[in-house]
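S.K.: Predicted model and sequence below, questions to follow.
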Amino acid sequence: MEFTYRGANCIQIASKGGTLLTDPNLESLGLKDTVSGKADVLLLTQDQFKPLTKLEKAFVIETPGEYELKEFAIQGVAARAYSDEADKHSAIIYRVHVGTINVLILGHIFPELTESQLEGIGVIDILVVPVGGNGYTLDAAQASKLVRLISPKVVIPTHYADAHLKYPVEQAGIDEFAKDLGLTASVEEKYKIKGDSLPESLTLVELKRI
């Protein structure tokens, strides 16, 4: 299994049996979208993150529920978005099971999870979480608090500062997030997992956008 960062919330997860993308709204942020049309599965954490690219083969998931596609077993859990009123749940958290690995994808959610949500999420190996803050999404402190609550082995930050992206709100870098976790990021172009091999202690992986 291989993780690649495309920008904003867009993470690509590739396995032998297929390719999954999250929130591939790259063209609306000033990037050329070369990946959405080639994906097998698209996960949307909120409606506004739909791609502008014409989709030829991708199965789009944009509602809570359980799905089995290619090698991916997916569970979508309704969540309160970062800007939602207290009684509204317009975001979706996704738990993706591939082989023996459980991946949790957090979009722009409210920085607190309920006991019911945590029970539905279960044990997580790899956490994908936005860290850019500035009133638009989770900031460093909020994201690191969720990391400690969920206790993954690997955390991959997304939606951080990038001069080539036209974010609606200026985003922070990942330095403060790394500081809050007390970790030094391993900077990589791709993060690969062979079989069920995972680090023994929490590892922060900063993926370069490609």
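M.R.: Cool, got the structure.
S.K.: May I have the lowest-mean-pLDDT helix or strand in the chain as CSV, with CA atoms only?
M.R.: Least confident element among the helices and strands of the chain, by mean pLDDT, DSSP states H and E: helix 115-121 (a mean of 90). The C-alpha trace of helix 115-121 is given here as CSV (Å, rounded to 0.1, in the frame of the first residue of the first chain):
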residue,chain,number,x,y,z
GLU,A,115,-18.0,8.3,22.2
SER,A,116,-20.3,6.8,19.6
GLN,A,117,-18.0,8.1,16.8
LEU,A,118,-14.9,6.7,18.5
GLU,A,119,-16.6,3.3,18.9
GLY,A,120,-17.5,3.3,15.2
ILE,A,121,-13.9,4.2,14.3
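S.K.: which residue ranges form the helices in the protein?
M.R.: Using DSSP state H, the helices found in the chain span residues 115-121, 140-150, 175-181.
S.K.: So what pairs up with Glu68 in the strands?
M.R.: For Glu68, the beta-bridge partners are Ala73 (DSSP bridges).
S.K.: who's in contact with the nearest residue to Ala141 once chain neighbours are set aside?
M.R.: Excluding its sequence neighbours, the residue lying closest to Ala141 (CB to CB, 6 or more residues apart in numbering) is Asp180, at 5.9 Å. C-beta here means a position set from N, CA and C on the backbone, and glycine is covered the same way. Contacts for Asp180 (CB atoms under 8 Å, 6 or more residues apart in numbering) come out as 140-141, 143-144.
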